[in-house]
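> Just to be clear, the model below is a prediction. Sequence and coordinates:
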Amino acid sequence: MYRWGASVSLIALIILGLAWELRIAPIRPGGSYLALKVLPLLLPLRGVLRGNLYTLQWAAMLILLYFMEGVVRAWSDPAPMSVLMAWFEIVLSFTFYVCALMYLWPSKKAARRAARSAKS
């Protein structure tokens, strides 16, 4: 369940980033190079779809950059449509982060247990 939540929110964030910067509310009319911001999101996509623990760990850290961008643009962009897109970005990146952490939690717990039993 959490793996699918992370996968869906990552795909939605990629689509949102492209739509936002190319069509809905680009910084410059006709689109902008800011659409390239979705390229880093494509790197973990395969691993997230497969449920790779290592990929989900570093993607959870990567997604915080998009959360920060959403917060900054929600409070600083003058265009109402851009503010709305920023709020969508905040929600999607937060959803990914929570889903990734909840998916990773059982394996982290098991690793801690195994480390404790190895010490004794």
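Nice, thanks for sending it over. This structure is a prediction, so every number in the text was calculated from the model and none was measured. Numbers count the residues shown, from 1 in each chain.
> When you work out contacts or count neighbours from here on, use the C-alpha atoms and nothing else.
Fine.
> Please report how far the residue nearest to residue 79 when sequence neighbours are not counted lies from residue 89.
Ranked by CA to CA, 6 or more residues apart in numbering and with sequence neighbours excluded, the top spatial neighbour of residue 79 is residue 25, at 7.9 Å. Taking CA to CA, to the nearest Å as the measure, residue 25 falls 13 Å from residue 89.
> where are the low-confidence patches of this structure?
120 (pLDDT under 70).
> what helix or strand is residue 30 on?
If you go by DSSP states H and E, residue 30 is not part of any helix or strand.
> That one: neighbouring residues, count only.
11 (other CA atoms under 10 Å).
> Spit out the contact partners of the nearest residue to residue 68 once chain neighbours are set aside.
Once flanking residues are discounted, residue 68 sits nearest to residue 90: 7.9 Å by CA to CA, 6+ apart. With contact taken as CA atoms under 8 Å, 6 or more residues apart in numbering, residue 90 is in contact with 66, 67, 68, 70, 71.
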